[in-house]
Every structure is written in C-alpha cells, then in structure tokens.
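Novice: 3D model of this:
(2 chains)
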Amino acid sequence: MTVTGHGDAATSPLAASVGLTDADLLAMYRTVALARAVDERMWILNRAGRIPFVISGQGHEGAQVGLAWPLRREHDWIAPFYRSIATCLTFGMTARDLMLAQYAKGIDPSSGGRQMPGHYGHVRHHLVSVSSPVATQILHAVGIALAAKIRHLDQVAVAIMGEGSSNQGDVHEALNFAAIHRLPFVFIVENNGYAISVPAERELAVRDVADRASGYGIPGVVVDGTDVLACYVAGRDAVERARRGDGPTLIEAKVTRLTGHSSDDQQTKYRTESDLEEGRTLDPLPIFRARLRDAGVLTDEIEAALASEIKAEVDDATDFAEAEPDPDPATAIDWVYAEHWPGETAPPWHQGSGAGGTGGAGGSTAPAGSPG
Amino acid sequence: MAVKTFIEAVREALAEEMRRDESVVVLGEDVGKKGGVFLATDGLWTEFGDDRVIDTPLTESMIVGASIGAALNGLRPVAEIQFADFIHPAFNQIVSEAARMRYRSNNGFTVPMVIRAPYGGGVHGALYHSQSVEAFFTHVPGLKVVIPSTPHDAKGLLRTAIRDDDPVLFFEHKKMYRSVRGDVPDGEYTVPLGRAVVRRPGRQVTLIAYGLMVHYALEAAERVAGEGVDVEVIDLRTLRPLDRDAVLSSVRKTGKCLVAYEDNRFGGYGAEIAAIVADEAFDYLDGPVSRIAGPDVPGVPYNHALEDWFMLNPVKIADAIRRLAAY
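Specialist: Residues are numbered from 1 along each chain as shown, chains lettered A, B, ... in the order given. Below is the predicted model:
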C-alpha cells in the first residue's frame, strides 16, 4: 500500500468496529480491486486469443479477501479452488504469479505450465495445488490440520470451494473427522447459487449449506459475501477458534457469480436477465468502495491513485508473463517421481536428458536412494 | 537373524520406523487398540499413543485424502486400508491427487506416504475380501506399487517405502500373513524399490511372479524340474517402477516367458510385462509370451469348490510351464 497518505495507525469508526486500521481497509480494498482487474484482463486475453481458457472469480472477491485476511501468511495453509484469485492474492501470490498461470509459462509457480489456468498453488505461501476433481482439497486441508495438531505447529488450515462441490462425499468424511478430532480447520463455502448451470435449489434440499454443520457438531455461519468486513469478522472468529483448539467452523459466504462458469460457458442459456441483473447488484467491489467512501477512508485521490497503480501492476504482469518462454518439452517427463527410473521409458519422440528433474517449483533435489 | 512370519515382519517395520522417525504415523480402521483386523499394527497404539496411531471412521477416501494433507505438512503417514477390496472409495484421492501432486506442482508439493492393504484370495474371502487391485494402480504414473513375497522383503521394502518421498501402495497377500515364514535379519536393513530378484535360477523358461504367486511359481518349477524343464523364477517385488532389466535379461537367456498373476487375466499387470517382453526381447523368443492368471469373472466366488476353481495353484502353473516349454 503506497498511496494512502494515512499513517498506519489512522482508524476510522468503521475500521475500529472490526479492530482494523484504515490502512488495513485500504489494503483489503486494493486486493479486491486488483483481483477484479487481473480477472478482467484474463477475459480480454481470452477473447483476444492470447490464452485458451479462463475460470473466473468475479463476484467472489470480497468474501475471499475478507475471509483470508485473518490468516497468517506463510504459516497457515489454504487449500483453495479454481475461483480463488483474490484468496491467492491475499495470501501472498502476485499478479505476475497469476498471469504466469494464465499463460502456462515455464516459470509459472503454480504448475510450471502443466495445469489449466485457475489451478493455482504456491509452496512458500502454503497454497495447496488445485486439481479439477472438486472437493478433494477439503481432505488435504484436514490432513494438514491433523499434522499441525500432532506437530504442535499452531497452524490453521482452510479449505475453500463452491456450494456445488460441497455436495461431494469427501466433504462429509472431512467434516466428520475434523470435528471428532477438533482440528484447527475452517471450511469455507462460497455459495454463488450455481453449480455451472444447476441452481442451488437443485443442488441442496436446505437453503444454507451452513445448516449441515450441526450434523457434525460444529458451528455453521452464514455471512454476506458482499460485505468484506463481515467476512473478515467471520473468518477471524473461526480462525481464532481453530487456533485455540476448539475445532472447526463451517462458513458459508453468499456470493454472486458475475461471469459464466468459465470461458466455455454461456450463462444466458440458463439464467434469466432479471437473475443476472440481481447478481450485478451484489458485486462486492462497488459495495465495498461505497462503504469505504462513506466512512471517509477512501477518497477520490486515493481511488485514482489505486486505479492507476493497479492498472500498471496488471499491465506489468501481462507483459511479463507474455514475454516468458513456454516450458521446454524436454522437461515434460520430469517429476513423475522424486527420482528418474530407468524402467520408466520416455516416448520415442522425447528429446532430453530424461533426468529426474532439473528444477521445478520446489527446487528440491532428488533424495538419496535412487535406484541402485 | 530369526525366523518370522510375514505379518510379524510388517509389524516390526512399522514399529521400528515409528521409533526411528516421529513423523511416521499410522491411520486406518481398527488400527488402534485392536491392532488391525490382521493384527499388523498390534502394539503400536500402546507404544505410540493416540496422536500417532489413529483409528479412523469408515472413510477410505478420508484415510487417503487426510494422509495426503498430513504428508504435505511434514508427516509420513502409513495409511491402512482394511482390505484392498475397499480401496476403491479412495481411488480419486490416490489417482487424481496423491499420484499427480508432484507432477502437477512441478515438484513443488510432494506426498511421502504409504498405503498398506491386504489383498488376494484363497482365504474364503469371496468377492469382496479377495481382490487383487494392483493393476488399477500400476497403470498410474506417480504411484509406486510394491508387493513383497517374503518376510525379509516385507520388512525391508516397507522400511524403504516409508522413507520414500513418493506415494507407495504396499499390498500384502493376506494368505501369507501367517502361512509364510522366513529369515529376517536383525538390524536396520532395507530392500530397494524397483529391484526384482531371481528366486530360482534356470535356463529354459522365465517365470515371472509377485506376492503369493512367487511361492506357487517356485512349487510349480520344482514339479516340472523332475521332467527336465529348468525354470527361472523372478520375483518382481516392486511392480512400479518395474525392474525392466531383470525381466528382459532373464528372457533373453531362456527365450521363453510366462507371467503368473492372481488377478483377472484381461488387462492385468502381467499383460504389461508380456507386452514389454514381446517388444524388447522379440529376437530372443522361442515361444509365445504367455500368461497364467485368474479367470475373468467379477470376483473370487465363496464356495470352496468355486474358489479353488478361481485360484491359481502350483498345478495350474506347472501345466502352463509345460505348454510353453513344449514349443
């Protein structure tokens, strides 16, 4: 945050009401706006034929920033999902990191260009690599929380997904186990009302996913996902509870999906214009902006400075990622295992050393005990 | 050196690795006070307590999925699936997640974990307590699949698997748990992954097997030896990564290859061995690459007459050797 002109300690009544400073609120706003700007740029690049696929977080950003804000960076863990752009930015990834994933470039920290866009991950930031089968990540977060408890690491692990994914059996197995062992775990459901095309009333027999928490003996909280600060408070309470050893919480943030499911989806086929219009009224970005302006935290001057800063950041990220080289096909055989195995043969067209690996995001070296 | 049963070797490997490395934890159904339905984890809960020997709900996907997470955060979980037949609810976690984590994160995240599961028939276990499931997993790059045949290897390979930095599926033939005994050395020996062993040298036919079938193969080789057929028996021990050189160098010597596996024949693990041999040792072959395997019915039927019909045995394997040797 470089543009506030406030001292870090400046605290409006709004900031004080949630125990934060004005600088915190502006940093949160900046993250929401940056996530939106990155996301919008992704769509432009897709429509311009520069990147083949987009999966978007537009409409979810307010909840994502608010809920992730209370976590400790590079200490706690998040198992995110494919809409978690703002979550990843909040937790330490940069616009460059995200844009490298869109372009699937060799130095993309999420996967080195191996995964589709949206499948983020970052080792140092404790963002667990995302896959495409939905809800699997909840068990990883629960396992991370289990290890944190056993190893006395004082960490909290968070899993995030949509309400559609929350119907998977892994969610039941995860919440049951996390609750039995009072693990330091928070389950966040970003309920945008649609599982691709299927509306919530065809996905859930209850109105709120949070109702299901009672079946596991844990608190279930519904929070307005357009209210960044309410999300922050809900997240803070759940994280504190988890860190105290009091067990998991299920937080359901009601959000809206402002775009189609992905760049391959046309949501006007299954959503009415009035539904879409209502969704646009739930856009967290202008809602948060208006709230901060009303509170006197955000001024014309700050907003203009932020806007130009964000545009420069997204331009830089785009140019940087576009200029980066694609991954070398000679590396496509690397990192199946920690070591290279002579019995695992490369295809006849493969050109390269066939070494176990030459780099990679983790930079870990092959352990001793390779064949031999 | 002492003579021990297969299950004792498994149990000792677990206990000794848990003593050596406090990041090793065991989780599964009934693994705690009861010590597992086959007693593979007997005594661990008493020694290591609730934090490191975790009785789970009946949730195979959770057992594997939470193990993945625990492995991401510094533990080395050894997950027990009570019977290999019940591993299928965890298939997504094993195949989509554990196997791909290293590759999809470009070596960023790794999953050092072991999944142990008793497999195999011949124990009156019927369709759902007899399955051989290795082929589902040997198909998947990123997984290591181990099937030991002796107490020595069970202990040495389980140690190596626990210390390995990739997900390892460790299948133990339940019929061998108490029926197979063997010398187990004292001390902290290991057996490397990816290394087969010649159990019986021979000149005329290469017979490739793993798990319980190694014992039946050796008996079959003994039966035909009196008829002048000299069989070399290879115990693969690790199915993936495969010790390709051990297979090919033997076949290049004998010119004949028979693969014995208990699983259904169609698309089974032995089919890959047969394909590799056909591809890479074609010039040396003096007969068709052959398989002797379980019948293609959906499971091992319960009644003893039906089960005997299903299961391979030394007589059936000896017949297959004779057919191949006759070329």
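Novice: state the distance from residue A:73 to residue A:110.
Specialist: In this structure, residue A:73 and residue A:110 are separated by 17 Å, where distance is defined by CB to CB, to the nearest Å. Backbone N, C-alpha and C define where each C-beta goes, glycine included.
Novice: which of these two has more residues huddled nearby?
Specialist: Applying other CB atoms under 10 Å in any protein chain shown to residue A:73 and residue A:110 shows that residue A:110 carries more neighbours, namely 29 against 12.
Novice: return the residues in contact with the more buried one.
Specialist: Each residue near residue A:110 by CB atoms under 8 Å, 6 or more residues apart in numbering or on different chains is listed here: A:97, A:100, A:101, A:119, A:120, A:121, A:122, A:129, A:130, A:361, B:105.
Novice: and with 10 Å instead?
Specialist: Contacts for residue A:110 (CB atoms under 10 Å, 6 or more residues apart in numbering or on different chains) come out as A:88, A:93, A:97-98, A:100-101, A:104, A:117-123, A:127, A:129-130, A:361, B:104-106, B:108.
Novice: same question for residue A:151.
Specialist: B:22, B:23, B:51, B:70, B:73, B:74, B:75.
Novice: how many residues are close by the fifth one?
Specialist: In terms of burial, residue B:73 registers 23 neighbours under the definition other CB under 10 Å.
Novice: hmm, it is touching residue A:79, no?
Specialist: No. Here residue B:73 lies out of contact with residue A:79, judged by CB atoms under 10 Å, at a distance of 11.1 Å.
Novice: shared neighbours, the two?
Specialist: A:126, A:128, A:140, A:141, A:143, A:144, A:157.
Novice: low pLDDT regions in the stretch 151-300 of chain A?
Specialist: For the stretch 151-300 of chain A, no stretch is flagged by pLDDT under 70.
Novice: look up how far residue A:302 lies from residue A:317.
Specialist: According to CB to CB, residue A:317 and residue A:302 sit 22 Å apart.
Novice: so the residue lying closest to residue A:112 once chain neighbours are set aside, which state does it fall into?
Specialist: Ranked by CB to CB, 6 or more residues apart in numbering or on different chains and with sequence neighbours excluded, the top spatial neighbour of residue A:112 is residue B:106, at 3.3 Å. Taken by DSSP: H, G, I helix; E, B strand; the rest coil, the conformation at residue B:106 corresponds to coil.
Novice: backbone dihedrals for residue B:106, both of them.
Specialist: Reported as degrees, to the nearest 10, the phi and psi values for residue B:106 are phi 50, psi 50.
Novice: max-length strand in chain B?
Specialist: Looking only at chain B and at elements set by DSSP state E, the strand with the highest residue count is strand B:257-264.
Novice: what is the burial count for residue 56?
Specialist: Going with chain A. Residues contacting residue A:56 under the criterion other CB under 10 Å number 25.
Novice: ah, no, chain B please
Specialist: Should you count by other CB under 10 Å, residue B:56 turns out to have 23 residues around it.
Novice: who touches it in this structure?
Specialist: Residue B:56 makes contact with A:173, A:176-177, A:180-181, B:27-32, B:62-63, B:66-67, B:79-80, according to CB under 10 Å, 6+ apart.
Novice: how close does it get to residue A:101?
Specialist: For residue B:56, the distance to residue A:101 equals 35 Å [CB to CB].
Novice: and if you look at residue A:173?
Specialist: Distance check for residue A:173 against residue A:101: by CB to CB, it reads 29 Å.
Novice: again, but for residue A:269
Specialist: Per CB to CB, residue A:269 is found 28 Å from residue A:101.
Novice: what about those two, which has more around it?
Specialist: Relative neighbour count places residue A:101 above the other of residue A:269 and residue A:101, with 28 against 8, counting by other CB under 10 Å.
Novice: so that one touches residue A:127, yeah?
Specialist: No. In this structure residue A:101 lies outside contact range of residue A:127 using CB under 10 Å: 11.4 Å.
Novice: overlap of the contact sets of those two?
Specialist: A:88, A:93, A:109, A:110, A:120, A:121.
Novice: what would these look like in TSV with secondary structure and pLDDT?
Specialist: Converted to TSV, these look like this (DSSP: H, G, I helix; E, B strand; the rest coil; pLDDT from 0 to 100):
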residue	secondary structure	pLDDT
A:88	helix	98
A:93	coil	98
A:109	coil	98
A:110	coil	98
A:120	coil	98
A:121	coil	98
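Novice: mind picking the two most distant members of the residues you listed?
Specialist: Every pair in these was compared (CB to CB); the two farthest apart turn out to be A:88 and A:109, at 10.3 Å.
Novice: between the two, tell me which one has more neighbours.
Specialist: Neighbours were tallied for residue A:88 and for residue A:109 using other CB under 10 Å; the higher tally belongs to residue A:88 (27 against 23).
Novice: outline the domain layout of chain B.
Specialist: Domain assignment for chain B, taken from automatic domain parsing, gives B:2-184, B:197-325.
Novice: just to be sure, residue B:4 is in a strand?
Specialist: Yes. Counting by three-state DSSP, residue B:4 is located in a strand.
Novice: follow-up on the earlier one: surely the residue nearest to residue A:112 and residue A:101 touch.
Specialist: No. In terms of CB under 10 Å, residue B:106 does not count as a neighbour of residue A:101; the distance is 11.5 Å.
Novice: so what sits against both of these two?
Specialist: Shared contacts of residue B:106 and residue A:101, defined by CB under 10 Å, 6+ apart, are found at A:108, A:109, A:110, A:111, A:112, A:113, A:115, A:121.
Novice: longest helix in chain A, by number of residues?
Specialist: Using DSSP state H, we find that the single longest helix of chain A is helix A:22-47.
Novice: who are the packing partners of it?
Specialist: Counting contacts by 3 or more CB pairs under 10 Å, 6 or more residues apart in numbering or on different chains; DSSP states H and E, helix A:22-47 packs against helix A:13-17, helix A:61-68, helix A:85-90, helix A:95-103, helix A:228-244, helix A:284-294, helix A:300-323.
Novice: tell me the angle of that helix relative to helix A:95-103?
Specialist: Regarding helix A:22-47 and helix A:95-103, their directions subtend 20 degrees when assessed with axes from the mean of the first three to the mean of the last three CA atoms, to 10 degrees.
Novice: so the closest residue to residue B:4 other than its chain neighbours bridges to which residues?
Specialist: Of all residues beyond its chain neighbours, the one nearest residue B:4 is residue B:184 (4.5 Å), with distances taken as CB to CB, 6+ apart. The bridge-partner assignment for residue B:184, based on DSSP bridges, gives residue B:2.
Novice: contacting residues around residue B:184?
Specialist: Residues in contact with residue B:184, defined by CB under 10 Å, 6+ apart, are B:1-6, B:8-9, B:12-13, B:150-156.
Novice: now which of the residues you listed would you call buried?
Specialist: Those of those that meet the buried threshold are B:4-6, B:8-9, B:12-13, B:150-156, by 16 or more other CB atoms under 10 Å in any protein chain shown.
Novice: let me know the closest of these to residue B:176.
Specialist: Among the buried ones among the contacts of residue B:184, residue B:6 lies closest to residue B:176 (CB to CB), at 4.6 Å.
Novice: for the residue nearest to the spatial centre of chain B, what are its contacts?
Specialist: Nearest to the mean C-alpha position of chain B, counting by CA atoms, centre = their mean, stands residue B:147 at 1.7 Å. Residue B:147 makes contact with B:119-120, B:132, B:134, B:138, B:153-154, B:157, B:169-173, B:209-214, B:235-239, B:261, B:269, according to CB under 10 Å, 6+ apart.
Novice: restrict those residues to those near chain A?
Specialist: When contact is defined as CB under 10 Å from any CB of the partner chain, the contacts of residue B:147 meet chain A at residue B:238.
Novice: can you tell me which of the contacts of residue B:147 are in strands?
Specialist: When these are checked against strands using DSSP E, the ones located there are B:119, B:169, B:170, B:171, B:172, B:173, B:209, B:235, B:238, B:239, B:261.
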